[in-house]
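> Return a 3D structure for these sequence lines:
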Amino acid sequence: MLTITSKLVIAESELEEKFVSASGPGGQNINKVATAVQLRFDLQHSPSLSDAVRERLRCIAGKHVSAEGILVIEARRFRTQAQNRQDARQRLTRLIRKALEIPKARRATKPTRASLARRIENKLHRGQIKRSRHTKPEMDE
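Okay, the predicted model is just below:
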């Protein structure tokens, strides 16, 4: 069981782990031991998540969610399976906790009258500076 919060727990049956060989340092074990972990979590069919959380998680995870709605997390930072497995689970937990936070609704606001006046004043000032850079040709008579 993967405990996300005190109220949300994900069953082991919802998680699928696959061990693959990792690139990078490993010495003689590199060709013998599959230490990298691919953690798969089916967002689409998970009974643990509400629809709102599922949608936010899909947006947060981005390219890590396949077209079928499966979230894939690859962990290959460490040299051992156990550490990579723990890392993948922590990253999944972090993503789900972030998706549980309800975003604050943005209220549309208008600029104040003073800020509009400052903006126009600055524009006029810049235009004046640019006009002063042009020299008028002198007429020789």
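> Could you measure from residue 12 over to residue 41?
From residue 12 across to residue 41, the span is 11 Å (Cβ to Cβ, to the nearest Å). For the C-beta atoms, the positions are set from N, CA and C on the backbone; glycine is no exception.
> Repeat that for residue 82.
According to Cβ to Cβ, residue 82 stands 19 Å off from residue 41.
> More neighbours: which of these two?
residue 41 (25 against 10; other Cβ atoms under 10 Å).
> Report the distance from the helix or strand where the more buried one lies to the chain centre.
For residue 41, the element it lies in under DSSP states H and E is strand 36-42. Chain-centre distance of strand 36-42: 18 Å, with Cα atoms, centre = their mean, to the nearest Å.
> now the following helix or strand past that strand, how far from the chain's geometric center?
Counting by DSSP H and E, the next helix or strand C-terminal to strand 36-42 is helix 51-61. Averaging C-alpha positions (Cα atoms, centre = their mean) puts helix 51-61 11 Å from its chain's average.
> Identify all contacting residues around the following helix or strand past helix 51-61.
Counting by DSSP H and E, the element after helix 51-61 in chain order, helix or strand, is strand 70-75. Strand 70-75 is contacted from outside by 36-44, 57, 61, 64-66, 84-85, 87-88, 91-92, 95, using Cβ atoms under 8 Å, 6 or more residues apart in numbering.
> where along this protein do the helices fall?
51-61, 81-100, 113-133 (DSSP state H).
> okay, the residue nearest to the spatial centre of the chain: pLDDT?
For the chain, the residue whose C-alpha lies nearest the mean C-alpha position (Cα atoms, centre = their mean) is residue 60; its distance is 4.8 Å. pLDDT recorded at residue 60 is 84.
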